[in-house]
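Novice: sequence? don't have it. structure:
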C-alpha cells in the first residue's frame, strides 16, 4: 500500500469534510426545525471527527519487516485463562500450547477450580493454578485477577496470554519473542482470528480492519493495543505497573472524595443558614479549596499535600462555625458518625467508597453538617490507607476490559508496544446473536469506563499521538447516539416534510458528495483486499448496544452503580431465533419502511419535493441495507464446517 | 560466556548482621565495576537486599538445621547476576506464599518486596539445590541489550 | 542507621544517616512515634544522609505518615538521594511522600 496515496486521501477527506461540516454549521441549518437540525449537524460533526481520527491512525501505518530472532535464553510462561469453558476445549488449547516450539512452561489458570481439570493437567504434565487463599472474600477482578494471581506464583521473563479457546500455532513464540530484544518493548500483540466463522461472517466476528490497518496505524504511533489474548508481555513492565497501581488507587479515592466534597458544599448552600454572609463565605472558601485540589490532582501533584490542605481549610471553617455558635445540628453529626465511614480506618474496596461518598454528598446537611461530612469523606480516603493490606495488581482492574487500561498505563510509563500482523492463534467466535451482543456490550462498557476513569487526553506520560490513538477508539464507541439521528432524520422528512437542512440545493451536493466519495475511497484504499463492509454495518446497526454501554458505564463510574451484565449462556440458545434481542432495531426498520411509503405518498400528493424525497429515500434504503445484517444474524444457526470457504484462513 | 569482571560471595547466619555485611560488600563491589550505570547499581543492590531480607524474614529452617543466608554476585560487562540462597531451609516457594497478598499490619511489606524485585531486575527464578532454596536474580546492564 | 531529632518552632526534624532497611525501619517508627507523642505533629524526615531505602523502609515512612496524620499533623521528606528517589518513583510513592528540596521548604507553604 502506497503511503503517499493513503496520506493524500486522508488530507483530501479532512479538507472536504471540514468544508462540508463548516458549511452545515454556518450556512445551512434549518433553525425553524432546530430539534432535528441541531442533532443532525452534531452527529455529522461527530462523524467528521471520527474520520479525522481514523485518518490520523493510518497516517503512520506501520508494516513491520520480518521479526528478529528470539534470545535463546528467554524464559516464558504460557497462561491459558479459563473459568467455565468445556474441559475438552481448554485441553485442546493447553495441549497446543504445550507443543509451542520455543522452550516454555504451560499453565492452566482455572478460575473455576475444577478438580477434573486439575487431574487432566497433571496427567499431561501441564501446570495448573487456582486462586490462592488470599483471594477469599476479596474482589476477584475476573480475568485480570486470575492473571495477577498467576503472576505471583510464576517467574518467566515473558508471558503469553491465551483465552481458553485460542489455539496457538507452534511457532507463535519464535515469531514474536525477538521483538523483546529491544529492552523497552513490553507488549507484542498478534491478531485474533476466528476459525468457526463462515465466509460471509453474519455476526461480524472477524475484525480485519482492526487487526490490520488500525492496529498497524496505532503501532506507528507506538500505541498498538493490548487485546487480552494472543499477546506476549514483559513481566518486569507488569510488575512496575503493579507497584504504581497502589498509589493510583489512592489517587482515584481522592478524586472521588473531592467530587463528593464539592457536591456536599453545593447542597449546603441551599440550606437557610447559608444566607448568612459568614457561612456563605466559608462555604465559598471550602468549595474553592476543593476545586483547586481537583485541578492540582489533574496535574499530578502530591496526593498527601492536596488532601492535607483541603483538610486544613475545612477544619478551620468548622472551627469558625462552631465558634460563631451556629446551631450545630447534633442530629447531623450523629448521622455522619452512623454512616460507617470510620475515621482513620480507611475503606478497602473502591466500590464501597464510591457509594459511601455518594450517600454522604446527597444528603441535605446544614452547613456545619456538610463540612463535617466533607471531613469524614476526606478521612476515609486519605493517603494513610496505603499501608493497609492490598495486593499488587500488575494488570489493571479498573474496568471490565483490563487490557486497554493496562496497555495505556504501560505506554504512560514509557514502555513500547508492537503489533505483529500474522495470525498465530485460531479462536472461536460466538455463534449466536445473544452471546455476540453481550460480548460487544462488555467491550464497549470497558472502553467507556477507561475513558471516564482515565481519560487518555489528560493521563500523564502519554505522547500526543498515543493520546489520540486511545481517544480514537473510545470516540468510535460513542457512535450509537449519532446512529439514532441518522435513522430519525430521513423518517422526519419523509413523514412530516421537515428538512433539517435549509435547502437541498446545488450548494449541498457540491459539498456533500465529494466528501462522501473520498471518505469511501479512504476505506477502500486502507482496507484493500479485506472486507470492511461488515464492520461498517455493525457499527451502525448495534446502536442500542453502544448507547447502553455509554449510559451504564457512566452510571457505574459516576454514581457507583453496578454495570448489570446479562448472564451469557455459553451453549447456544435453543428454540426460536432471538428476535427480541434486536427489538429496537426492528422498530427502527419498521419506522423506516413506513416512512418510505409515506414519503412516496407525500411526493405523489405534491406535499414533498422530488429531490428531497430522492435523497431521503436513498438514505432510508441505505439504513435498511445496513441493518439487514441483523436479520441474517438472528437467523444464523451456528457454524457448519462443511460450508466453510476454504480461502478464509491462511490468507 | 561473558568474562566475569567482579564477584563476591558471602555466607552467614540469616540475621540482620549478615544483611548489613552483604550490603557493605555490594557497595565495595561497585568500585570494581565502575562501567555500570548508577541506575544498574542502585536497582541491583535494592533487589539483592530485598531478596535477602525476604530470606531472613520468611525462610523456615528445616528441623534441627541452622538457617543461613548465602549471597553470590557476579558481574560481567553485559549482565549482573545474584544467587541468594536459603541454606538449611525447608523447601518452599516464596512467590507462592508471600507475594500475592501481604497480611494486614504495618510490619508486613513482603508483597511489595517480591513485586519490587521483579520490577528491578530482568529475570527472577527460584530453584531448589540440595538443601537450599536459591533465588537467582539477573539484570541486563543498561547499555547492552539482549 | 543513626537518627537525631531537632525540635524547631514549626516542626521537628528527624535526621537519618545510613541505610533505611529492615534493621533501621522499626527504629524510625520508634523515633517518630516519640516525637509525635511529645507534641510535634509536624515532622520532616531529612534524608540527606540516607543513601539506601528498601520496601521495609518505605513501609516505615508510610507508617510514620499515618501517625503524624492521626495526630492532626503531617510528615514530609526532604533531601532524598538517587536510590531513594528511584524506589519512590518505581512505586509511585513520590505522589504520597513527595520529596522536598530542603528541610525548610517542606512546611514553607503551610
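Specialist: Yep, it's here. Keep in mind that this is a model prediction, so the values were computed, not measured.

Novice: number of residues surrounding whatever residue of the stretch 451-600 of chain A ends up closest to chain C?
Specialist: For the stretch 451-600 of chain A and chain C, the shortest gap (Cβ to the nearest Cβ) falls at residue A:460, measuring 10.3 Å. (Each C-beta comes from the backbone N, C-alpha and C, glycine too.) For residue A:460, the neighbour count with other Cβ atoms under 10 Å in any protein chain shown is 9.

Novice: top helix in chain B by residue count?
Specialist: When chain B is parsed with DSSP state H, its longest helix is helix B:38-58.

Novice: so for it, mean pLDDT?
Specialist: For helix B:38-58, mean pLDDT is 91.

Novice: that helix near chain A anywhere?
Specialist: No. Residues of helix B:38-58 contacting chain A under Cβ under 8 Å from any Cβ of the partner chain: none, with a closest distance of 10.5 Å.

Novice: and if you look at stretch C:32-44?
Specialist: No. Stretch C:32-44 lies apart from chain A when judged by Cβ under 8 Å from any Cβ; the minimum separation is 10.4 Å.

Novice: ends of that stretch, how far apart?
Specialist: Distance across stretch C:32-44, first residue to last, is 10 Å (Cα to Cα, to the nearest Å).

Novice: neighbouring contacts of that stretch?
Specialist: The contact list for stretch C:32-44, computed with Cβ atoms under 8 Å, 6 or more residues apart in numbering or on different chains, reads C:5, C:7, C:10-14, C:45, C:64, C:67-68, C:71-78, C:100, C:103, C:106-107.

Novice: check the residues you listed for burial and list the buried ones.
Specialist: Those of the contacts of stretch C:32-44 that meet the buried threshold are C:11-14, C:45, C:64, C:67-68, C:71, C:73-78, C:100, C:103, C:106-107, by 16 or more other Cβ atoms under 10 Å in any protein chain shown.

Novice: so in the chain, which helix runs the longest?
Specialist: Just going to use chain A. Per DSSP H, chain A has its longest helix at helix A:235-269.

Novice: wait, chain C was what I had in mind.
Specialist: Max-length helix for chain C by DSSP H is helix C:55-70.

Novice: anything in it near chain B?
Specialist: Yes. Contact of helix C:55-70 with chain B (Cβ under 8 Å from any Cβ) involves C:55-56, C:58-59, C:63.

Novice: and the helix or strand just after that helix, what does it pack onto?
Specialist: Later in the chain than helix C:55-70, the nearest helix or strand by DSSP states H and E is strand C:74-78. Here strand C:74-78 touches helix A:303-323, strand C:42-46, helix C:55-70, strand C:99-100, helix C:103-106, going by 3 or more Cβ pairs under 8 Å, 6 or more residues apart in numbering or on different chains; DSSP states H and E.

Novice: buried residues in the next helix or strand after strand C:74-78, which are they?
Specialist: Moving toward the C-terminus from strand C:74-78, the first helix or strand encountered (DSSP H and E) is helix C:82-90. Within helix C:82-90, the residues scored as buried using 16+ other Cβ under 10 Å are C:83-84, C:86-88, C:90.

Novice: understood, closing this out.
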